[in-house]
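Visitor: What follows is a protein structure lacking sequence information:
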């Protein structure tokens, strides 16, 4: 399956869209926002650019997309305002007057929805700015959409000061080819990701693909960032060396079991399930650090582990909320492989199985937050 | 009506889409392609940039969008190859290694369709390049979508070398407000554009809006272009000082008459028609030249008048082809004002009325091709 052509969050603003089902990601972003804004301040003070370049990689399409851009814009305005106050004699010296924003995702992402929201977004930024202070220095904002895989170059040399990527880098560029033998048969039968029953070769295949992808990502960004530019990368990971735990891998186990129920009911064929594997990897802290170490021009300034609470205060069950989130993310890939018809039944199973599990034991997926600097 | 929110070519690839009904525009582009490519060569020789910035303003969504980008890319490759052959001792000196492409249209344009075509487009460019010569110097191509009105700033200061805009600049930023009196009643009753029965004030309202828009366009681009950067602007115009002739205004007259038939049949109300006017203007050569003269940093290098043949070799009648083209362009505005239901009947009328007219007399819409230089 060609990930670049198929994989995307569910577009539009309907009931099953990513826009309506990305509250978990939003919650996580809010939890780590201070780290993002600190890094933005650091890069601003270190580089004091006249024209500042910001990229959001894997921006998707929904309320989260523009909300983080707004936060970054305001952080820059606020720090530049503070600097200006201290340096009255050179009032314009350190003020960025151009704010370049590059929104990136795969070419199948629903960019139209983001673009339609832009005129209103610009009006909002100008209003806020006028309200906050009256120095009248509103920088020009130039926003563009850049479709393409971030596993490869996307932007000109030394054009970026700050790179943000939230909940995207756990997606690999492809399903690891080493998951299949020469005849194309899966070596990971019945499972969609590394599980207890997966042979050793499956873990290796996933790790290799992660290493290849993540190093290409770092190399590409290193060419695009200016010296002292920063990246904040937020993605799912795992606690220790074990792949199978009550973290992210557990959700894929639940998905495998949801598929298995459909197989047992005759809804899908066993072979079809056997040949389905996800292009996902939750690395360990050590695996992440090792790849960064190999990249001489990139320095790891910070690596935090954030745990999300499973207890949600809402009308829906936790299982239902997660099922909807996973559906908005996985729908394009699952439809492409199995057809759309199975989606409702599959995610009903998922919600039920997950609700059964959370009462037994806490599931604690972890998120890594990396701050990296171009040296 | 908010033009920025409503106006767009019909998206997608369906029967009534712009992508399927832009062959007239394509034909015109082919006719003036040599002028575009000459200007590209000139700007390349004058500026010899390492990183070249190209913008297509009003790129729309369809086969024409990427086809002109491909032509420009190949022209630059070819001229840089020639230069390299002559300057073997500094082989890399004058070669652009970054090719930045900015695709612009209003936020409601179907950018998703363009973006989905990009992976294939990149593969095609690389293939062609490998076939043509084996020097192995393929520049990196960075393409972004920039939603927004070109009547205002879109790109950073001095970031562009070449600006292309085809069949977009005859669209005004809005329906001229002076077309309506204080109570909001139209002063151009029964007509959608300047016609024989239009009072003097209507012509003035349109001319004023054109002057305001075109000068803002030139001023904005002047800030975005590097010195010696070029623009090739292609848009509809008129022959002499008279507004009403057998050129572009005649198509609007046919549209007014198509509406009038629906009014007489009770399909739409007279008042509804009275309050509808298009945000279009076909300037004269003198009007264009005057606005350019006012812009001190922009020099008019060339202004050609191109006439399109009305005789089409196809299965459909000329009337039907034009009706489809006008529908793909006007559908969003007409639907928003009158509702979608009238579209089929309206454009059936249009095709028939136009076919009746072309046998009587030639309709000769003219197109201006401007080459401008930033000084």
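Guide: Thanks, I have the structure now. The shown structure was predicted, so the numbers you read here are calculated from the model rather than taken from an experiment. Numbers count the residues shown, from 1 in each chain, chains lettered A, B, ... in the order given.
Visitor: So what's the predicted local confidence for residue A:310?
Guide: Per-residue pLDDT puts residue A:310 at 61.
Visitor: got it, and residue A:245?
Guide: At residue A:245, the model reports a pLDDT of 87.
Visitor: ok, now the one 5 residues further on?
Guide: Here, the pLDDT recorded for residue A:250 equals 91.
Visitor: what about residue A:269, neighbour count?
Guide: Residues within reach of residue A:269, counting by other CB atoms under 10 Å in any protein chain shown, total 12. Backbone N, C-alpha and C define where each C-beta goes, glycine included.
Visitor: Give me the nearest residue to it, chain neighbours excluded.
Guide: Nearest non-adjacent residue to residue A:269, counting by CB to CB, 6 or more residues apart in numbering or on different chains: residue A:263, 7.2 Å away.
Visitor: repeat for residue A:36
Guide: In this structure, residue A:36 finds its nearest non-sequential neighbour in residue A:232, 4.9 Å apart by CB to CB, 6+ apart.
Visitor: could you measure the one you found against chain B, distance?
Guide: Distance, residue A:232 to chain B, by CB to the nearest CB, to the nearest Å: 22 Å.
Visitor: which SSE is that residue in?
Guide: Assigned by DSSP states H and E, residue A:232 falls within strand A:225-237.
Visitor: Check which helices and strands the following helix or strand past that strand sits against.
Guide: Downstream of strand A:225-237, the next assigned helix or strand under DSSP H and E is helix A:248-264. Judged by 3 or more CB pairs under 8 Å, 6 or more residues apart in numbering or on different chains; DSSP states H and E, the packing partners of helix A:248-264 are helix A:270-274, helix A:318-338, helix A:343-360.
Visitor: where along the stretch 101-250 of chain A do the strands fall?
Guide: Using DSSP state E, counting those that start in this stretch, the strands of the stretch 101-250 of chain A run over A:140-147, A:160-166, A:225-237.
Visitor: looking at those, which is buried most?
Guide: strand A:160-166 (a mean of 25; mean count of other CB atoms under 10 Å in any protein chain shown).
Visitor: Flag the helix or strand of chain A with the lowest per-element mean pLDDT.
Guide: The weakest-scoring helix or strand in chain A, judged by mean pLDDT, DSSP states H and E, is helix A:3-6 (a mean of 80).
Visitor: So that helix, near chain B or not?
Guide: Yes - for helix A:3-6, a contact with chain B is found by CB under 8 Å from any CB of the partner chain, at A:4, A:5.
Visitor: Touching that helix from outside, list them.
Guide: Helix A:3-6 has contacts (CB atoms under 8 Å, 6 or more residues apart in numbering or on different chains) with A:106-108, A:149, A:171-175, A:279, A:332-333, A:336, B:119.
Visitor: What residues of that helix count as buried?
Guide: Across helix A:3-6, burial judged by 16 or more other CB atoms under 10 Å in any protein chain shown covers A:3, A:4.
Visitor: And for stretch A:334-354?
Guide: Burial within stretch A:334-354, assessed by neighbour count using 16+ other CB under 10 Å, is assigned to A:334, A:337-338, A:342-343, A:346-347, A:349-354.
Visitor: Would you mind measuring from residue A:234 to chain B?
Guide: For residue A:234, the distance to chain B equals 23 Å [CB to the nearest CB].
Visitor: For the nearest residue to that residue once chain neighbours are set aside, list the residues it contacts.
Guide: Spatial nearest neighbour of residue A:234, excluding adjacent residues (CB to CB, 6+ apart): residue A:166 at 4.5 Å. By CB under 8 Å, 6+ apart, the contact set of residue A:166 is A:25, A:28, A:29, A:56, A:58, A:64, A:68, A:234.
Visitor: Among those, name the buried ones.
Guide: Among these, the ones that count as buried (16+ other CB under 10 Å) are A:25, A:28, A:29, A:56, A:58, A:64, A:68, A:234.
Visitor: Looking at those residues, point me to the pair that's furthest apart.
Guide: A:28 and A:56 (15.2 Å; CB to CB).
Visitor: Next, the buried residues of stretch A:187-200.
Guide: Buried residues in stretch A:187-200, counted by 16+ other CB under 10 Å: A:187, A:188, A:190, A:191, A:192, A:193, A:194, A:195, A:198.
Visitor: Residue ranges in chain A under the pLDDT threshold?
Guide: A:87-94, A:129-137, A:309-314 (pLDDT under 70).
Visitor: now with 50?
Guide: Across chain A, the ranges flagged by pLDDT under 50 are A:134.
Visitor: Chain A against chain B: which residues are in contact?
Guide: The interface of chain A toward chain B, taken as CB under 8 Å from any CB, is made up of A:4-5, A:51, A:98, A:100, A:102, A:107-112, A:115-116, A:118-119, A:140, A:142-148, A:153-157.
Visitor: now the host helix or strand of residue A:30 against helix A:318-338, angle please.
Guide: Using DSSP H and E, residue A:30 falls within helix A:23-47. Using axes from the mean of the first three to the mean of the last three CA atoms, to 10 degrees, one finds that helix A:23-47 and helix A:318-338 are set 90 degrees apart in direction.
Visitor: Next secondary structure element downstream of helix A:23-47?
Guide: Later in the chain than helix A:23-47, the nearest helix or strand by DSSP H and E is strand A:51-57.
Visitor: who does that following strand pair up with?
Guide: Sheet pairing of strand A:51-57 (DSSP bridges) gives strand A:98-105 (parallel), strand A:160-166 (parallel).
Visitor: What residues does the residue of the stretch 151-300 of chain A found nearest chain B make contact with?
Guide: Nearest to chain B, among the residues of the stretch 151-300 of chain A, is residue A:156, at 5.1 Å (CB to the nearest CB). Residue A:156 is in contact with A:224, B:51, B:98, B:100, B:140, B:142, counting by CB under 8 Å, 6+ apart.
Visitor: now it: how far from residue A:308?
Guide: As judged by CB to CB, to the nearest Å, residue A:156 and residue A:308 stand 36 Å apart.
Visitor: Equivalent analysis for residue A:124, please.
Guide: 29 Å.
Visitor: Isn't residue A:150 up against residue A:171?
Guide: No - counting by CB atoms under 8 Å, residue A:150 sits too far from residue A:171 to count as a contact (9.6 Å).
Visitor: Overlap of the contact sets of these two?
Guide: Counting by CB under 8 Å, 6+ apart, the common neighbours of residue A:150 and residue A:171 are residue A:58.
Visitor: and residue A:294, how many neighbours?
Guide: Around residue A:294 sit 13 other residues, with neighbours defined as other CB under 10 Å.
Visitor: again with the one 10 residues further on
Guide: Look at residue A:304: counted by other CB under 10 Å, it has 12 neighbours.
Visitor: which SS state does it fall under?
Guide: Following DSSP: H, G, I helix; E, B strand; the rest coil, the label given to residue A:304 is strand.
Visitor: So for it, what's the nearest residue that isn't a sequence neighbour?
Guide: Setting aside the residues directly before and after it, residue A:304 is nearest to residue A:369 in space (CB to CB, 6+ apart), at 4.4 Å.
Visitor: Run through the neighbouring helices and strands of the helix or strand harbouring that neighbour.
Guide: Taking DSSP H and E as the criterion, residue A:369 maps to strand A:366-374. Strand A:366-374 sits against helix A:23-47, helix A:200-224, strand A:225-237, helix A:285-294, strand A:298-307, with contacts defined as 3+ CB pairs under 8 Å, 6+ apart.
Visitor: What number of residues are in the vicinity of residue A:95?
Guide: 18.
Visitor: wait, isn't it in contact with residue A:79?
Guide: No - taking contacts as CB under 8 Å, residue A:95 lies outside contact range of residue A:79: 10.4 Å.
Visitor: what touches both of those two?
Guide: In contact with both residue A:95 and residue A:79: no residue, using CB under 8 Å, 6+ apart.
Visitor: Got the phi and psi for residue A:168?
Guide: Per-residue torsions, residue A:168: phi -130, psi -40 (degrees, to the nearest 10).
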